[in-house]
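Asks: I would like the atomic coordinates for the input below:
(2 chains)
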Amino acid sequence: MFYRENGQFKTSYAADQQIFAVTQDRIAIWLLLAVAFLVVPFVASNYVFQAILIPLLIMSLGALGLNILVGYCGQISLGTAAFMAVGAYAAYNLQARFEGMPLLLALIGGGLVAMVFGVVFGLPSLRIRGLYLAVATLAAQFFVDWLTTRADWVTNNSSSGSVSAKALAIAGWQIDTPMEKYLLCLGILCLIGLAAKNLVRSSVGREWMAMRDMDVAAAVIGIRPVYAKLSAFAVSSFIVGIAGALWGFVHLGAWEPAAFSLDRSLQLLFMIIIGGLGSIMGSIFGAAFFILLPLLLNQVPHWLGLPISTATATYLEHMIFGVLIVFFLIVEPHGLAKLWSTARQKLRVWPFPH
Amino acid sequence: MMFKKAAIAAATVAASMGALLGAPAAQAQEQFQPLLVYRTGQFAPLGIPWADGKQDYLKLVNARGGINGVKIAFEECETAYDTAKGVECYERLKGRAGGTASFDTQSTGITFAVSDKAPGDKATIVTAGYGLSQSADGRVFEWNFPLLGTYWTGADSMIQDILKKEKGSLKGKKIALVYHDSPYGKEPIPLLEKRAAKEGFELLKLPVTAPGVEQKSTWLQVRQQRPDYVLLWSAGVMTPTALREAQATGYAREKMYGIWWAGSDHDVKDIGAGAKGYNVVTIHNTAEHDKVHEEVKAQLYDKGQGAAKDAKELGAMAHTRGMVISMLQVEAIRAAQEKYGKGKVMTSEQVRWGLENLNLTQERLNELGFGKILKPVKTSCDNHMGTDWSRIAQWDGGQWKVVSDWYQGDKALIDPLVKEYGEKYAKEKNLKVRSCN
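Replies: Purely as a prediction, here's the structure:
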């Protein structure tokens, strides 16, 4: 009913293989983009930009990067925050050490350094799998924690170990209002999201998924494990590195090593588990769940006018959030993305489910 | 069935999103004071009395009838000492109707992050006894106020006390800095290095990974290197752990000096006699009790309105510091009202003027009930710290005893450092250094 596909005939391969094959989906996504780019900038308040939308977009990007590694290629990583930190500190160093380094180049540079770092720490994945690999990536986390607090050159000899980004600008566009920062993050997320979606639909993406489903079988049919696994680490770390650079430059402005602690790694991993492993859309759902829900839970006692103390409210928030995670995993183990696709299927066949 | 559930879920999310986006209702004729606190997390033992102190004093001001009739509205926001959460709190509270007075972020990390945003938002950051030491330079840091003292003045006072004990010479001595490995712990290093070069002592830097519950290797180093004194830059759970390790190592607690955040009753109470002799530098004279304590007890706790569970917390150093910080913020609003209109709600910019033109005389402090706790404080355009004083308090196994005279940071050492680091910051950020003439 809502998704009447009758009469939509595909007459070319290009039409058959496009990302959104159904016309309604295409219209919906264009509408969504139009709202995000043209309407939201004019209606949202600074609080919504700074506290909700910008962290949401950046975390979506981070979750997307991690999802390529974990969801598509099946390599569990507990070192995501380390890759984010490498991206952030590399971008910072590029700006601090080279006078007049453009922002975009610094961001991409951060992504590239994170990529190299990711490939190096991805090497053990050729030999070890599953939980053992998770422990190996944990080493990346601890290594970067150590490096960022103890090596002075990483922070450009900052006396306190805290670094701060310079003013943001791209080719004369001074990015200083929250709205402009939002547009920057949105633009980057859209570009990388599109690239990632196409990548996972291509031969590379199929290799990753073959690796995830059964690496021995994949090797037998001629997929090189070295190439498939390391390319997943490279692409994933590149995206995560850019997310880290944005988190430091755009969201925090100034940061200390604790901003990229193990907590952040776990949070990202939970995001993609809740959102949906192996789904681009799921990464964004998962990030939204993790950014919006705690804020909501935190505000609820205020709206109800409940006179509970700040500490109690915080503990309640943690407890309810935990319960909700468990609830969602029981109701839909494949994540919010699966929930969405189920809903969509229902809409397609409604009102005649058979 | 599934569809129904999904629909309900979607509707709930949509409804709550709407509520989330909606702006909170404005409150007229009340001055809004945001309270960033951490009552949970690794620093909660320090954060709870601090937050209670801040709130208690604001309640007392309201009970006294407000600031020239303007009552103070306040709201707490939990940061858990997390920078990202702190930024969210700042964003949430900065735009409250009527103008927010000033932020006390309670965290060096959050201070770094919001200092960047403050000039654009016209938000004032008060960091009494913490934050960026160089932000005392009001020419560069227009919106930051590290009132009463910074880590540099605190570290300098410790060294002065040690100098006194060593009869004026530290040549060939070893002093270890055991610090929380974060911007907070690293802040005193530039000053201590300067001091070490001047006095000829050796500075050992021993970092402790946050949150600081694992310090065995650090204290092993202390045992091997045998420093003559240990300066402790810790907070939260790290302090009692360090004291217990010192006890286990056999390091004399008399030779240990804690920064003010490492010295409150909760840090030493459980160790009791084991912490006997432990020195702590107090910001001004916050180990002292004064009339304000009695007043808070009579006006709030006796009526069951205190922020803390019971009146026992009253007089703990962390609680007193909280009250002092609130008092400074309130007096800044009062100073602003003197200029911009009594009985009016001040904007953030006007409060900033008030902070920059703070002049708390001894009479005024006596009137407020802080006469014994603080010495007169005066700020100016280029001096955002005001007047720094400190004293050393020693734990005698049951309570804190003030054992030293008043110290003041060595201006000849600190001022050039403030200037150097302030100008470096301005250059990095492309800030214009304003003129104060």
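
Asks: shaky segments in the stretch 51-200 of chain B?
Replies: B:97-99 (pLDDT under 70).

Asks: what's next to the helix or strand hosting B:Lys297, contact-wise?
Replies: Element membership for B:Lys297, per DSSP states H and E: helix B:291-299. Residues outside helix B:291-299 that contact it (Cβ atoms under 8 Å, 6 or more residues apart in numbering or on different chains) are B:56-57, B:59-60, B:63-64, B:305-306, B:311, B:314-315, B:320, B:323, B:327, B:368-371, B:373. Bear in mind the C-beta positions are built from the backbone N, C-alpha and C, glycine included.

Asks: What subset of those residues is buried?
Replies: B:56-57, B:59-60, B:63, B:306, B:314-315, B:320, B:323, B:327, B:368-371, B:373 (16 or more other Cβ atoms under 10 Å in any protein chain shown).

Asks: Chain A: which of those residues is nearest?
Replies: B:Gly306 (12.3 Å; Cβ to the nearest Cβ).

Asks: mind checking how far that closest one is from B:His319?
Replies: 10 Å (Cβ to Cβ, to the nearest Å).

Asks: Could you tell me which residues touch both of these two?
Replies: Common neighbours of B:Gly306 and B:His319 (Cβ under 8 Å, 6+ apart) are B:Asp52, B:Asp56.

Asks: Counting only helices, which of the contacts of helix B:291-299 make the cut?
Replies: B:Asp56, B:Tyr57, B:Lys59, B:Leu60, B:Ala63, B:Thr320, B:Met323, B:Met327, B:Leu368 (DSSP state H).

Asks: For the closest residue to A:Gln50 other than its chain neighbours, grab the count of nearby residues.
Replies: Leaving aside its sequence neighbours, A:Gln50 sits nearest to B:Glu91 (Cβ to Cβ, 6 or more residues apart in numbering or on different chains; 4.3 Å). Each residue near B:Glu91 was counted by other Cβ atoms under 10 Å in any protein chain shown, and the total is 23.

Asks: and B:Glu91, helix, strand or coil?
Replies: Here B:Glu91 is recorded as helix under DSSP: H, G, I helix; E, B strand; the rest coil.

Asks: unless I'm mixing things up, it is touching A:Ser45, no?
Replies: No. Shown here, B:Glu91 and A:Ser45 do not form a contact pair, counting by Cβ atoms under 8 Å, at 9.7 Å.

Asks: my hunch is that B:Leu36 is in a strand, does that hold up?
Replies: Yes. Assessed with three-state DSSP, B:Leu36 lies in a strand.

Asks: Spatially, and excluding backbone neighbours, which residue is closest to residue 335.
Replies: In the absence of a named chain, this looks at chain A. Distances taken as Cβ to Cβ, 6+ apart put A:Gly276 closest to A:Gly335, at 3.0 Å, once the chain neighbours are dropped.

Asks: That was the other one, I meant chain B.
Replies: Excluding the flanking residues, the one nearest B:Ala335 by Cβ to Cβ, 6+ apart is B:Gly354, at 3.9 Å.

Asks: Using CSV, write down the CA coordinates of the helix or strand containing the one you found.
Replies: Using DSSP H and E, B:Gly354 maps to helix B:348-356. C-alpha atoms of helix B:348-356 as CSV (Å, rounded to 0.1, in the frame of the first residue of the first chain):
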residue,chain,number,x,y,z
SER,B,348,26.6,37.0,31.2
GLU,B,349,28.6,40.0,29.9
GLN,B,350,27.6,42.1,32.9
VAL,B,351,28.6,39.3,35.3
ARG,B,352,31.9,39.2,33.4
TRP,B,353,32.4,42.9,34.2
GLY,B,354,31.6,42.1,37.8
LEU,B,355,34.2,39.4,38.0
GLU,B,356,36.8,41.7,36.5
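
Asks: Run the chain-centre distance for it.
Replies: Its chain's C-alpha centre and that of helix B:348-356 lie 19 Å apart, by Cα atoms, centre = their mean, to the nearest Å.

Asks: partner strands of the helix or strand just after it, parallel or antiparallel?
Replies: Next in sequence after helix B:348-356, counting helices and strands by DSSP H and E, comes strand B:359-360. Paired strands of strand B:359-360, with direction, are strand B:377-378 (antiparallel) (DSSP bridges).

Asks: Please compute how far the partner strand lies from its chain's middle.
Replies: Here the centre of strand B:377-378 is set off from its chain's centre by 17 Å, with Cα atoms, centre = their mean.

Asks: Let me see the residues that make contact with that strand.
Replies: Residues outside strand B:377-378 that contact it (Cβ under 8 Å, 6+ apart): B:Leu147, B:Leu148, B:Leu328, B:Leu358, B:Asn359, B:Leu360, B:Gly386, B:Thr387.

Asks: same deal with stretch A:297-315?
Replies: Residues contacting stretch A:297-315 (Cβ under 8 Å, 6+ apart): A:316-317, A:320-321, B:19-20, B:24, B:37, B:39-40, B:44, B:48, B:51, B:75-78, B:80.

Asks: Low-confidence regions, the stretch 1-150 of chain A specifically.
Replies: Using pLDDT under 70, the stretch 1-150 of chain A drops low at A:1-2.

Asks: er, the stretch 251-354 of chain A I mean
Replies: Using pLDDT under 70, the stretch 251-354 of chain A drops low at A:354.

Asks: Ok, the stretch 251-400 of chain B next?
Replies: Counting by pLDDT under 70, the stretch 251-400 of chain B has no low-confidence residues at all.

Asks: returning to that earlier point: near chain A, from the buried ones among the contacts of helix B:291-299?
Replies: Among the buried ones among the contacts of helix B:291-299, not one lies near chain A by Cβ under 8 Å from any Cβ of the partner chain.

Asks: so which pair among these is furthest apart in space?
Replies: B:Gly306 and B:Gly371 (22.4 Å; Cβ to Cβ).

Asks: what sits against B:Gly354?
Replies: With Cβ under 8 Å, 6+ apart, B:Gly354 has these contacts: B:Glu331, B:Ala332, B:Ile333, B:Arg334, B:Ala335, B:Ala336, B:Gln337, B:Lys339, B:Met346.
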